[in-house]
Each structure stands twice: as C-alpha cells, then as structure tokens.
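> whatever this is, show me its structure:
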Amino acid sequence: MYNDKKNKKLLDRIPHPLALLFYIVVAAAILTYIIPAGSYERETIDGTNRTIPGSFEYVENNPVGIMDLFTAIPEGFREMADIVFITFAAAMMFGLLEKTGMLENTVGTLIRKIGMKRRFLIVVIMTFVYGFFGIFVGLENNIALIPIAVLLSVSIGGDAMLGAGIGIGGVLVGFGLSPFNPYTVGVGHKIAEMPLFSGWFFRSILVILVLSVLAYYNVRYFKKILRDQKNSLAHGINTQDMQLSKPLDSYQMRKKDIVMLLVVILGFSTMLAGIFTQGWYINEVAAIFLMIGIVCGIIAGMNSSQIANAFSKALEPSALAAILIGVAMAVQVVMNQGNISDTIAHGLVSVLEHLPTTLAAVFMTMSQSIINILIPSGSGQALVTLPIMIPVSDMLDITRQTTILAFQIGDGITNLFSPTLGGLMAMLGLCKVPYGKWLRYIFPFVIIALAISWAALVISVLINWGI
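Model prediction:
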C-alpha cells in the first residue's frame, strides 16, 4: 500500500498547500462565470438563518473579477481570525512547554513506565484518547494537543506521519462522527425538529468502530517502518526538536514539571467546563492556552522577556498554517460573492429525487462531501443543505435520522483530507507534515472509513432508523 510507485508519482505532483489552495480559489472564481447564480430565501428561527425549501431561484450573475479574487483572501483571514489566533495561541503554549523541558520529561517518563515493549499498545490507546478528545472537545480546541502526538510517536521509534495519524486522524474521526457534535448533529436535529443528540447509541457504535480501524491502521504503518525505514512517509521532515534527547531510563519528573503538568490539567479542565457549561468557544479557549503558557513560564523561572522570546520562536513554524487557514476560507468567500453556493447545493440535491432509496442515502454523503470542500464549516453546511435535504428525504421515505447521519458522514470523513479545512491545515503545519504526504498516508483509510460508514447508512435505511 505504501510502496505504490504510481500513487507516489501522482501524489508527489500535488503542489505546495498554499499553491493548491490558491488554485482552488482561482477555480472557484472561474466557476462564477460558468455556473448560473442562484439563491434560496432564508428565514431566521431562534436567531439562526435557515434555508427555506423550495425557494430556490436563479438571480443575476455576479462573476468574481481579479480584484475581488485577491480581496477574498484578506476577507478570508478576517472571517477566520479566531481560528488563526487559536493556532498561534496553541503554538505559543506548546513552544513554551517544550522550551522548559516539561513536555520531554513527561513523555519520557510515561514511555519509561509503560515500557517500549508495549509501544503498539501506546499507539492504540493514544489513537482512542485523541478520538475521544474529538468526540467531546471538538476540532479547533484540540489543535494545541497535536504536536504532543508527534513527540510521543518519535519517542517510541515512529515518525511524524505516525504522530499525525494518531493525533490528527483520531481528532478528526472523533469530531466528524461524534454522536454529540453540536455543529453537525446538534444543528441537524434542531433543523429536523428532533430530540437533541437522539440516535447517539447507533452513532457511538459507528465512531468506535472507525476509531478501532484507525488504531489498527496506525499500528500497521508503525510495524512497516520498524521493519524498514524505507517505508516511512516522513522522509525529509525535520523532527530534531520533537524527540527525546536522553536515554529513556534517565527520565523522571522534576517538581516544577509536576506543577506545570497540574497547571496544564487545571487549564484544560477549566476549558472543558467553560465549553460545556458557559458556552465558551474559540476565543476563550485561546485565552486559556495563553494563560497556561504564561503561568508555566513563571513556574519554570523564566522572566517576561524569556517567555516572550519562547512565544515568538514558537510562532515561526505556525505562520504557514495560519496563512493556509485564511486562503482556505477565501474559497467560500469567492463562491458567496458569485452566488453559486446555493446553485451547487440545489443541483446536487435535485439528483436525489431520481434515485432508489438506499442509493439516494449514499449519494447524500457524496454530495455533502463535495459541498464540504466548498463550505468547510459544518454548521454552515448544515444550514444550507439540510433544510433542502430533509423534505426530499421525507418524500423518499428516508428517515430524518438517516438524513442527518448521511450529512454527518459526508462532512466528517471529508475533513480528513479537505484542503479547505483550516483546522486540518493548522494541525498539519504544527506537525510539519506536508499536505501531499498526509494525503498519501490517510487516503487509503478514508476509503475504508467511507465503506464502513456507507454500510452503517444502508443498515439505517433498512431498519428505518429513527422512526
């Protein structure tokens, strides 16, 4: 699988992520000259704008010109400013914890106590740990934790790609298929007028099953690179600052390491409490990251200039990730300016009316996958498509629960490779993993995950799940 020369040649031709995203922005601008402009009417219900089914109509074309094309990029940065900053905040916190030696000592001590003989078990456990973070904490809120997976992977003899598979893969699978995802399942249930997070047991089985396959997939890759380093997809990725610098048996936690670890645990506990009880979101989480970094710097005996210097050095590798987030958002900005987002959604959904029930459910995931690349916001995608999808599914005798699952699968699995998802690009940037190499690693798993998810979707149709 990993030595397929044809696949390597094809994927090696993928341009730099920044160039790739710019090409996608240009392609979106060209589409505004080809695809007729159209729009659904919206209504505000409980403070949320929803699409009104059956209200689609074509409007006057508004193709995007050269100036609009380039101004869409700073507009994308403006709309994604909170995501950009949480990427910086996560990098600063991680950089400072790395500078103090606390992270290395913690990981080294953990591996020493578990033992290198159980390193495959470590991969399995950490894949599920990151998966559960994705399920219960979200996507952007976990950005800061991703580099730790790489540090852990390299420390047990793996590479940056294995770390990305554990961290990024776990978080995105957990978040994408979470039975408690407020942005997809929550919004979907609200639109469908169903009990919030109903059907959680069926969804839980699906997400645990896919995480189990991911854990096996990660271990399988780990065994391959242990047998022969030529199988590694991480050649050329510099991980010198992400590996243990001392013999494993020499690691132990210092008193200040223990205190800093307690600060980190307290900070993340406060973050979780705020998210679930106070409605905290990205800005509050970023503030927690900054506070953790500053307090840990003080505990480590650093003065203000040393803390600031550690922060500034940590920002250097995250700058590209932040740029990618803004350019990725520019795709949606261009499509909205050209009024073609609704036209594409209308065209894809219209096909459903002419398909058999089971095939229509599977096609829902395909159409949502396409839309997800163009509209990377889960809640935004739900608000655009589900008010149209749900009435169509009612006519086709597909339950609303199944319709929301189809949307969740299409949105969630695509997140694993979508170049327009800012959170993915931020995580890859922090892991130093190029997009093309990540695609080579994760895409075979994506096919497996889709097959499992489609099987679950077919079962949900056959049992009339949700009635």
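> now do stretch 216-226: distance to the chain's middle.
Here the centre of stretch 216-226 is set off from its chain's centre by 22 Å, with Cα atoms, centre = their mean, to the nearest Å.
> mean confidence score for that stretch?
Averaging pLDDT along stretch 216-226 gives 97.
> repeat that for stretch 321-331.
Mean pLDDT, computed over stretch 321-331, is 81.
> all numbers from here: first residue = 15
New numbering, starting at 15: the last item is stretch 335-345.
> contacts for it, please.
Contacts to stretch 335-345, defined as Cβ atoms under 8 Å, 6 or more residues apart in numbering, come from residues 31-32, 35-36, 38-39, 42, 86-91, 93-94, 97-98, 101-102, 388, 390, 433-437, 439-444. The C-beta positions use only the backbone N, C-alpha and C, and glycine is treated the same way.
> hmm, which of those residues are the buried ones?
Buried subset of the contacts of stretch 335-345 (neighbour count, 16 or more other Cβ atoms under 10 Å): 31, 35-36, 38-39, 42, 86-87, 89-91, 94, 97-98, 101-102, 388, 390, 433-437, 439-444.
> which of those residues fall within helices?
Among the buried ones among the contacts of stretch 335-345, the ones falling in helices (DSSP state H) are 31, 35-36, 38-39, 42, 86-87, 89-91, 97-98, 101-102, 388, 436-437, 439-444.
> thought T434 was touching P390?
Yes. In terms of Cβ atoms under 8 Å, T434 counts as a neighbour of P390; the distance is 4.7 Å.
> shared neighbours, those two?
Common neighbours of T434 and P390, counting by Cβ under 8 Å, 6+ apart, are 342-343, 345-346.
> how about the strands in the chain?
Using DSSP state E, the strands found in the chain span residues 52-53, 56-59, 62-65, 71-72.
> list the contacts for V187?
Going by Cβ under 8 Å, 6+ apart, V187 touches 145, 148, 221, 224-225, 228, 426, 430, 463.
> an error on my part: the question was meant for G352.
G352 is in contact with 42-43, 45-46, 49, 51, 75-78, counting by Cβ under 8 Å, 6+ apart.
> cool, and G443?
When contacts are counted by Cβ under 8 Å, 6+ apart, G443 touches 101, 331-332, 334-336, 338.
> sorry, back to before: could you point out which of the strands of the chain sits nearest L476?
Smallest distance to L476 across these (Cβ to Cβ): 29.2 Å, for strand 62-65.
> now Q415: how far from Q395?
For Q415, the distance to Q395 under the criterion Cβ to Cβ, to the nearest Å works out to 18 Å.
> residue ranges with poor pLDDT in the protein?
The chain contains residues with pLDDT under 70 at 15-27, 60-63, 151, 155, 255, 331, 481.
> all the helices of the stretch 365-481 of the chain, in order from the start?
For the stretch 365-481 of the chain, helices defined by DSSP state H, counting those that start in this stretch occupy the ranges 371-388, 392-409, 414-428, 436-445, 449-476.
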